[in-house]
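Asker: quick one: sequence plus predicted model below, questions after.
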Amino acid sequence: MEVVGRSLVLFSGDLEVSNFSIKKQTENERKELERVLALYAHEKLELEEIEYAPKPKDDEGEHEEEQEVSASLYGSHAKKFFGNSIQHSQFNLHSNQRKRDQIELIKHTIGHLKNTFNKEFDDVYLSKKQEIARVAERTERIKQILKDLKSEDDVIIPAFKQIEIPESFLIVEDSEIKFEKYLTPEEQAALAEKERLEAERRRLEEADNARERALDTMMHGKLEIRPEDELQKDLEKPDFMLSKAEAQWSEEEHKIAKEFEKKEKHLMEEREKYRKALEAELKKLQTANAEGMTAFDEKLNRLFKLKIEYQKTINQEELKIVRLARSIYHQEYLEDCDSDLTKPLEEFKQLKLKTQEEVAEIKRSIDKLRDEHELVLQEDRGIEKQFKKDFVDLDAFSLDILVKLYKRRPKVVKQKPQNSETTSRSSNPFYVKVEDPDKMFLEAMSELDSDIHKPEFLEMEIWERFVDARHIKVESELKVKHHSQKIQDLNSFLQRKLEEDEAVKNKIEKTFQHLNELRDKKLKFLMNLEIQLLLKQGQVEVDPGVFSTKFDNALLIHRSVIEDLNSQIVTLGEGKVSAMIDCKDYYKNIHLLEWEHEKMQMEAEDLNSKTRDVQTLRVTKELQVFLFEENNAQRMQKEIQTLEKTIKLNENMHQRKSLDKKRILDRLNRLIKEKELECSALDAELKELAVSLVERQQIQEACVADLVPAADQRMKDIVARRKLVDLAKSQSQEVAVLRAEVERLRMKTFPALVQHN
């Protein structure tokens, strides 16, 4: 690493600021950067020569405006920290090599930004180191003051943390090793011998060291006497103050005692002054330490804010690198796709030419065969006409029979050929040999030529002539058939070639279409450059919605256009608001009048209802008394007194009833307690009876153990008797029911005699 990463921490706080770690450049990276910088310098010289050429005033104004625009479209805040930042314009990055050079220039800018911040970081790191040294120096003095003041307050000396010294991660201190080092017997013997020699040397030095002995004897081991050490010493009281009472002192001793008290008082005053001076110095040192650490914390806070600015700028530059890398990859991908489509397109073109030549050759062959076929057909027709001429000497009946026999052909069963012509009898047990159909046809014709098929009335000489003529005709027909088959095969072959040619043509068109689309896309990608803009908040007039990085529908419009449009919108909005306020006030007055009208209608209805109530009011006795009584207040007072007496009487009755209920409750509580005592006595008696019952049951079981068979027999008798009793009861009930039924039926047969009044 060229720069090792380290951090700085506040004295009081958890804020941590780290520098930028920088990786050391390799030799190839350094050479590449030098090449790109040299190329950029050469291009810059060429641009300066073009700029210094004489131009019209209008062109110069346009050039200055372009420079301002290019500065605003730089894409990051790098120029704020690195004024001489060398990068190409974002509008001139068309080729991949140009983009790669731009990436190297951006990396150079990032490295310069990191080095610039690291310098600021090193200055702050050095200031913290100096501040720690000053604080440590003051702290030593603070410790001495606290020791003089006999204070037990702890003083913490600030130091660098481990994260601030990354080199300490690779250093192992002896205190970090918790295990004792293993020593071999030889090493232990050598260490013991070394300690013995060192102890012997110290003993000899202490035995004959005149300087140390003189220092201890004359100056108590100190070369310099400090005033504060003298103030710490207590005055020794005279002997008479320790051995005699104050009444036994002489005048001289009283004077000495007064002088001693005066010296002691002066010593206490000096000690108090020294203590106050120490406290003031302590406060001053503590304040200086606090101010120094606070000043460093403020400096580190400023460095943290600066780090945020640098980090933001570096992130912007790195974003440009990512965009350029993605653009290079996309452009290379488009070029690879172009090459992948161009190569098969050439192959398809060659195949197209080849198929066209084959189609032309096949067409020529077909035309030639057709001409030959026409000739063969004419010969075949001529042979058929010649047959009738050769047999003119026969009568019409015989000629008709010969014509039918002349046109008669044997039926030959067509055999399907095998899938593979190379299949042999040894490799395929189901092999069937396919014979030549023409040979089979001729064999069948030879059977027709036999004498069996000869008509009886026909002479042998004429039959032989007929057979020769038919042979000539059959050979002609076979020749015509062969030509037709060849023409048909060539036509099918031509059709396949035409289909192949059409397929190749479709492939060429499809590939060419894809290639054109790809090249249009590539051209659009090269012309529509992706640039990085820095815009202030409020200038992006795009509905964000869900965050998306696709701004295909976004437009880059000048700020003045948006401001003019906004001002027009505000003006129209104010006019609309004022019109709405006027409408609101108008409708408000209408609603107010309607409300007042409804209020007056409701008041009229209320008055009418009150009038009806007065007219329909029933005059009761109480109302008459109220109306005719002159002093209603006195009457009301009397009623109130009567009610108060009634209330008092009810309260007295309630108290008496409450006392009666309480007495009844007490009596019931006493009865409850008596019953509880009786229940407890009965529980005890019940327990005793339960015990006696258990004992009696055990005795009974012991006595009845021998009588179990008799008891079982008795139990069976009882059960049988019970069943018989139940059976008798059920039968008696059935008999009663049957008697009632008989009585009912008997009553049905009697005549009914109705009595008349």
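Answerer: Thanks, I have it. Residues are numbered from 1 along each chain as shown.
Asker: drop to CA atoms for contacts and neighbour counts, all remaining ones
Answerer: Fine.
Asker: and stretch 153-170, end to end?
Answerer: 35 Å (CA to CA, to the nearest Å).
Asker: buried ones in it, by neighbour count?
Answerer: 163-164 (16 or more other CA atoms under 10 Å).
Asker: where does pLDDT dip in the stretch 301-450 of the chain?
Answerer: Applying pLDDT under 70 to the stretch 301-450 of the chain picks out residues 387-399, 402-403, 406-450.
Asker: ranges for the helices of it?
Answerer: Taking DSSP state H, counting those that start in this stretch as the criterion, the stretch 301-450 of the chain carries its helices at 396-407, 437-448.
Asker: spell out the secondary structure type for Phe179.
Answerer: Three-state assignment for Phe179 (DSSP: H, G, I helix; E, B strand; the rest coil): coil.
Asker: with the one 3 residues further on instead?
Answerer: Using three-state DSSP, the secondary structure recorded for Tyr182 is coil.
Asker: ok, then the element right after whichever helix or strand Leu627 is part of?
Answerer: Per DSSP states H and E: Leu627 is located in helix 621-628. Where DSSP H and E defines the elements, the next helix or strand beyond helix 621-628 is helix 632-704.
Asker: and the angle from the helix or strand following that next one to helix 632-704?
Answerer: Counting by DSSP H and E, the element after helix 632-704 in chain order, helix or strand, is helix 708-749. Relative orientation of helix 708-749 versus helix 632-704 (axes from the mean of the first three to the mean of the last three CA atoms, to 10 degrees): 120 degrees.
Asker: how about the contacts made by the nearest residue in space to His373 that is not next to it in sequence?
Answerer: Of all residues not flanking His373 in the chain, His483 sits nearest, at 5.9 Å (CA to CA, 6 or more residues apart in numbering). Going by CA atoms under 8 Å, 6 or more residues apart in numbering, His483 touches 369, 372-373.
Asker: if we can go back for a sec, also compute the angle for the helix holding Leu627 relative to helix 632-704, please.
Answerer: Going by the same axes, to 10 degrees, helix 621-628 makes 150 degrees with helix 632-704.
Asker: name the next helix or strand following the helix or strand where Arg138 lies along the chain.
Answerer: Using DSSP H and E, the element containing Arg138 is helix 96-148. Next helix or strand after helix 96-148 toward the C-terminus (DSSP H and E): helix 185-207.
Asker: please identify the buried residues of that next one?
Answerer: Neighbour counts using 16+ other CA under 10 Å place no residue of helix 185-207 among the buried ones.
Asker: give me the distance from that helix to the chain's centre.
Answerer: The chain centre lies 70 Å from the centre of helix 185-207; the measure is CA atoms, centre = their mean, to the nearest Å.
Asker: what mean pLDDT does that helix have?
Answerer: Mean per-residue pLDDT for helix 185-207: 83.
Asker: packing partners of that helix?
Answerer: Of the remaining helices and strands, none touches helix 185-207 by 3 or more CA pairs under 8 Å, 6 or more residues apart in numbering; DSSP states H and E.
Asker: with only the CA atoms kept, save it in PDB.
Answerer: The C-alpha coordinates for helix 185-207 follow below in PDB (Å, rounded to 0.1, in the frame of the first residue of the first chain):
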ATOM      1  CA  PRO A 185      17.700 -25.600  31.300                       C
ATOM      2  CA  GLU A 186      20.700 -24.100  29.500                       C
ATOM      3  CA  GLU A 187      18.800 -20.700  29.100                       C
ATOM      4  CA  GLN A 188      17.600 -20.800  32.700                       C
ATOM      5  CA  ALA A 189      21.200 -21.400  34.000                       C
ATOM      6  CA  ALA A 190      22.500 -18.500  31.800                       C
ATOM      7  CA  LEU A 191      19.700 -16.200  33.000                       C
ATOM      8  CA  ALA A 192      20.400 -17.000  36.700                       C
ATOM      9  CA  GLU A 193      24.100 -16.400  36.200                       C
ATOM     10  CA  LYS A 194      23.400 -13.000  34.600                       C
ATOM     11  CA  GLU A 195      21.100 -12.000  37.500                       C
ATOM     12  CA  ARG A 196      23.800 -13.000  40.000                       C
ATOM     13  CA  LEU A 197      26.500 -10.900  38.300                       C
ATOM     14  CA  GLU A 198      24.100  -7.900  38.100                       C
ATOM     15  CA  ALA A 199      23.300  -8.200  41.800                       C
ATOM     16  CA  GLU A 200      26.900  -8.500  42.700                       C
ATOM     17  CA  ARG A 201      27.700  -5.400  40.700                       C
ATOM     18  CA  ARG A 202      25.000  -3.400  42.400                       C
ATOM     19  CA  ARG A 203      26.200  -4.600  45.800                       C
ATOM     20  CA  LEU A 204      29.700  -3.500  45.100                       C
ATOM     21  CA  GLU A 205      28.500  -0.100  43.800                       C
ATOM     22  CA  GLU A 206      26.400   0.500  46.900                       C
ATOM     23  CA  ALA A 207      29.100  -0.600  49.300                       C
END
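Asker: neighbours around Ala469, how many?
Answerer: Close neighbours of Ala469, defined as other CA atoms under 10 Å, add up to 17.
Asker: which SSE is it in?
Answerer: If you go by DSSP H and E, Ala469 is part of helix 460-527.
Asker: that older thread, what mean pLDDT does the helix holding Arg138 have?
Answerer: 88.
Asker: swap in stretch 685-696?
Answerer: Rounded mean pLDDT across stretch 685-696 is 86.
Asker: for stretch 739-755, same thing?
Answerer: Mean pLDDT, stretch 739-755: 69.
Asker: what of stretch 645-662?
Answerer: Per-residue pLDDT values over stretch 645-662 give a mean of 93.
Asker: still on that earlier bit, centre of the chain to the helix holding Arg138, how far?
Answerer: 37 Å.
Asker: which elements pack onto it?
Answerer: Contacts defined by 3+ CA pairs under 8 Å, 6+ apart place helix 96-148 against helix 27-51, helix 78-81, helix 251-390.
Asker: turn those into CSV, columns for distance to Arg744 and mean neighbour count.
Answerer: Formatted as CSV, the entries for the helices and strands packed on helix 96-148 read as follows, by distance: least, CA to CA, whole Å; neighbours: other CA atoms under 10 Å:
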stretch, distance to Arg744, mean neighbour count
helix 27-51, 134, 13
helix 78-81, 129, 16
helix 251-390, 117, 15
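Asker: now these in a markdown table, with distance to Gly573?
Answerer: Below are those laid out as a markdown table (distance: least, CA to CA, whole Å):
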| stretch | distance to Gly573 |
| --- | --- |
| helix 27-51 | 49 |
| helix 78-81 | 41 |
| helix 251-390 | 40 |
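Asker: which one of those lies nearest to Arg714?
Answerer: helix 251-390 (113.2 Å; CA to CA).
Asker: what helices or strands is that closest one leaning on?
Answerer: With contacts defined as 3+ CA pairs under 8 Å, 6+ apart, helix 251-390 has these neighbours: strand 16-18, helix 96-148, helix 227-232, helix 460-527.
Asker: now tabulate those in CSV and tack on distance to Gln624.
Answerer: Below are these laid out as CSV (distance: least, CA to CA, whole Å):
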stretch, distance to Gln624
strand 16-18, 98
helix 96-148, 104
helix 227-232, 113
helix 460-527, 108
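Asker: of all the ones you listed, which lies closest to Lys284?
Answerer: helix 96-148 (9.9 Å).
Asker: give me the angle between that closest one and helix 251-390.
Answerer: Using the same axes, to 10 degrees: helix 96-148 against helix 251-390 is 160 degrees.
Asker: enumerate every residue touching Asn528.
Answerer: By CA under 8 Å, 6+ apart, Asn528 has no neighbours at all.
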